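K.L.:
would you be able to build a 3D model of this:
(chains A, B, C and D, ligands or ions: 2)
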Amino acid sequence: MNISTQIRQDVLIVRVEGELDMHVADEFRQRIDTALESGVRHVLLNLKGVTFVDSSGLGVILGRYKKVSAAGGRMLAANIRPQVARVFELSGLLKIIRTFGTEAEALNSL
Amino acid sequence: MNISTQIRQDVLIVRVEGELDMHVADEFRQRIDTALESGVRHVLLNLKGVTFVDSSGLGVILGRYKKVSAAGGRMLAANIRPQVARVFELSGLLKIIRTFGTEAEALNSL
Amino acid sequence: MASKNRIKMSFPSGSENVAIARVTAAAFAAQLDLTLNDIEEIKVAVSEAISNAVIHGYGDQPGEIEFTLSLDGDRLEFVVTDYGKGIADIEQARQPSFSTDPERMGLGFVFMESFMDELAVESAVGKGTTVRMAKRVPAAPAH
Amino acid sequence: MASKNRIKMSFPSGSENVAIARVTAAAFAAQLDLTLNDIEEIKVAVSEAISNAVIHGYGDQPGEIEFTLSLDGDRLEFVVTDYGKGIADIEQARQPSFSTDPERMGLGFVFMESFMDELAVESAVGKGTTVRMAKRVPAAPAH
Ligand SMILES: Nc1ncnc2c1ncn2[C@@H]1O[C@H](COP(=O)(O)OP(=O)(O)O)[C@@H](O)[C@H]1O
Ligand SMILES: Nc1ncnc2c1ncn2[C@@H]1O[C@H](COP(=O)(O)OP(=O)(O)O)[C@@H](O)[C@H]1O
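P.N.:
Ligands and ions are numbered 1, 2, ... in the order given. This is a model prediction of the structure:
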């Protein structure tokens, strides 16, 4: 897994690459939580480079969603690959995290 | 493995995709040998889609080289990926089969 | 193309082996002419079963996981065994959203069930757990 | 990241299992921070050893192949065992271009030797063959 983060106004953009499973779950969680400490409001996950996700990866995303929404922010996702989207859908996460084709579209929606 | 063949004047162009190992060696050999029966002179292997080759795959290529050169023809290769080229090189095949960046360059050399 | 095959694997409990098992399962499944979707489903189901053995079966304890992949005609079967903690109430464990770990989603068995055609769980507390999953695919051999 | 790991596999002799073993080896090696070249070399060496077990060890006979992958610090080891025909003269067999099969190139051992840092062959006629290969890589764990 590779993660890079960028802050644009009150949005934390998280760009992830690789496979989101239990092996990387802790690091994935910590990287986002650390970046959240800088006091942004919303989170945009760019999942373009994510080739695999299972319930361990989804669990981290759901946890961050809860944190962000408890603080009044929104969580969005962009560039989800079709096979990853299916897993998101089955988990119910697509009902609470809006997805967009591109980062720009997601940012515009805020 | 996927193979398609095309005849251009006296050249049989063989475009291969996939992994050339012992599992596909027989089919690889037969496909080329059948196409050779139509009486072409030279063979051009386009290896663009070949992601892996080991000594079983090289053995088939060497066998075809011998057949073609015994009949006075030449064997050329185009679009070899770097990691595949290393295996070719170590086997000595690069000394007897000339390689080119593109099919067009290879055809021009004949 | 073989219509029967079987690979046995065994490895220590550890998160680094989840991806290896998943990749092996995908390569094993590629013997059949599957869609990318089918392969993805198999990878997720296998990932869940192996992750469960690591997380719930062994927790922080060392232990060995057995993973058997078999093909018989159009039926792909994956069996994951651990000799860990075991499951007291299998029916409850299989309920969507049920998890004994507050940090987890309780979706592992949901994914295994949705993505495979058969799922059977055997378990004995203190002895371990065996998860048997199978997928049937049209018998059109690849390559 | 674990600096020690070990996966045991066993499968029937058959050409369809060569790619599966190769892919598993690549996934296993990916625990370390290897170059694509290193991974490619491992794939070729493993492919040669497993192919030899299938082609020369068992020929057309059925038989079981054991494949063990281990990691210890910066050392990756791959061991391939068959219980087939065995090799009468190991030194001769390892010579470049030597093959008992006129259709083959006699390059299997050459590739294993060139692409790995250690190669050891044990064999007994009628009992089988074990090929042990190891590669040392800088201990910079990936992920
Ligand atoms: N191999 C196992 N060993 C022991 N308990 C298990 C095992 N697999 C599953 N369980 C139990 O079943 C519950 C539900 O599993 P699952 O649906 O995969 O969700 P999750 O992994 O998110 O908890 C787990 O929380 C755990 O209590
Ligand atoms: N697992 C094995 N069982 C029996 N004989 C083997 C085995 N591996 C290699 N050999 C013998 O060693 C020879 C050389 O092997 P190798 O260098 O891989 O070349 P090739 O596979 O092209 O023959 C083979 O031709 C065979 O006689």
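K.L.:
wait, what's in contact with residue C:24?
P.N.:
Residue C:24 makes contact with C:7, C:9, C:67, C:69, D:20, D:23, D:24, D:27 under the criterion CB atoms under 8 Å, 6 or more residues apart in numbering or on different chains. Quick note: C-beta positions are derived from backbone N, CA and C, even for glycine.
K.L.:
what helix or strand is the last one located in?
P.N.:
Following DSSP states H and E, one finds residue D:27 within helix D:16-29.
K.L.:
after that helix, which helix or strand is next?
P.N.:
Moving toward the C-terminus from helix D:16-29, the next element (DSSP H and E) is helix D:36-52.
K.L.:
what helices and strands are in contact with that next one?
P.N.:
strand B:42-53, helix B:55-70, helix B:82-91, helix D:16-29, strand D:64-72, strand D:75-82, helix D:108-115, strand D:128-136 (3 or more CB pairs under 8 Å, 6 or more residues apart in numbering or on different chains; DSSP states H and E).
K.L.:
let's see that with 7 Å instead.
P.N.:
helix B:82-91, helix D:16-29, strand D:75-82, helix D:108-115, strand D:128-136 (3 or more CB pairs under 7 Å, 6 or more residues apart in numbering or on different chains; DSSP states H and E).
K.L.:
any regions of chain A where pLDDT drops low?
P.N.:
For chain A, no stretch has pLDDT under 70.
K.L.:
got the residues of it near ligand 1?
P.N.:
residue A:55 (CB under 6 Å from any ligand atom).
K.L.:
count the residues that sit near residue C:66.
P.N.:
Neighbours of residue C:66 under the rule other CB atoms under 10 Å in any protein chain shown: 17.
K.L.:
that one contacts residue C:81, correct?
P.N.:
Yes: using CB atoms under 7 Å, residue C:66 makes contact with residue C:81 at a distance of 4.3 Å.
K.L.:
thought residue C:6 was touching residue C:67?
P.N.:
No: taking CB under 7 Å as the definition, residue C:6 is not a contact partner of residue C:67, at 11.6 Å.
K.L.:
so which of these two has more stuff around it?
P.N.:
With neighbours defined as other CB under 10 Å, residue C:6 and residue C:67 compare such that residue C:67 has more, 24 against 17.
K.L.:
that one pairs with what?
P.N.:
When assigned by DSSP bridges, residue C:67 has beta-bridge partners residue C:9, residue C:80.
K.L.:
report pLDDT for it.
P.N.:
With respect to pLDDT, residue C:67 scores 98.
K.L.:
where does the nearest residue to residue A:88 once chain neighbours are set aside sit, in terms of helix or strand?
P.N.:
Nearest residue to residue A:88, sequence neighbours excluded (CB to CB, 6 or more residues apart in numbering or on different chains): residue A:94, at 5.0 Å. For residue A:94, the enclosing helix or strand under DSSP H and E is helix A:93-96.
K.L.:
okay, buried residues for that helix please.
P.N.:
Buried residues in helix A:93-96, counting neighbours by 16 or more other CB atoms under 10 Å in any protein chain shown, are found at A:93, A:94.
K.L.:
since we're on the residue of chain A found nearest ligand 1, how many residues are nearby?
P.N.:
With CB to the nearest ligand atom, the shortest gap between chain A and ligand 1 falls at residue A:55, namely 5.5 Å. Neighbour count of residue A:55, defined by other CB under 10 Å: 28.
K.L.:
again, but for residue C:95
P.N.:
With other CB under 10 Å as criterion, residue C:95 counts 12.
K.L.:
now do the same for it: its pLDDT.
P.N.:
Reported pLDDT for residue C:95: 97.
K.L.:
show me where pLDDT drops low in chain C?
P.N.:
Using pLDDT under 70, chain C drops low at C:1-2, C:139-143.
K.L.:
closest to the centroid, which residue in chain A?
P.N.:
residue A:45 (3.4 Å; CA atoms, centre = their mean).
K.L.:
pretty sure that one contacts residue A:14?
P.N.:
Yes: if you go by CB under 7 Å, residue A:45 and residue A:14 touch, sitting 5.2 Å apart.
K.L.:
ok, now which ones touch residue A:49?
P.N.:
A:16, A:17, A:18 (CB atoms under 7 Å, 6 or more residues apart in numbering or on different chains).
K.L.:
now do residue A:107 against residue B:12, distance only.
P.N.:
Distance, residue A:107 to residue B:12, by CB to CB, to the nearest Å: 54 Å.
K.L.:
neighbour count winner among these two?
P.N.:
The residue with more neighbours, out of residue A:107 and residue B:12, is residue B:12; 23 against 17, by other CB under 10 Å.
K.L.:
one step back: which of the contacts of residue C:24 sits closest to residue B:79?
P.N.:
The nearest member of the contacts of residue C:24 to residue B:79, counting by CB to CB, is residue D:23 at 23.5 Å.
K.L.:
neighbours of that closest one, how many?
P.N.:
21.
K.L.:
now it: closest residue in space that isn't a chain neighbour?
P.N.:
residue C:27 (4.1 Å).
K.L.:
give me every residue that touches that neighbour.
P.N.:
D:19, D:20, D:23, D:24.
K.L.:
rerun at 10 Å
P.N.:
For residue C:27, the contact set (CB atoms under 10 Å, 6 or more residues apart in numbering or on different chains) comprises C:7, C:39, C:69, D:17, D:19, D:20, D:21, D:22, D:23, D:24, D:26, D:27.
K.L.:
quick one: it from ligand 1, how far?
P.N.:
With distances taken as CB to the nearest ligand atom, to the nearest Å, residue C:27 is found 24 Å from ligand 1.
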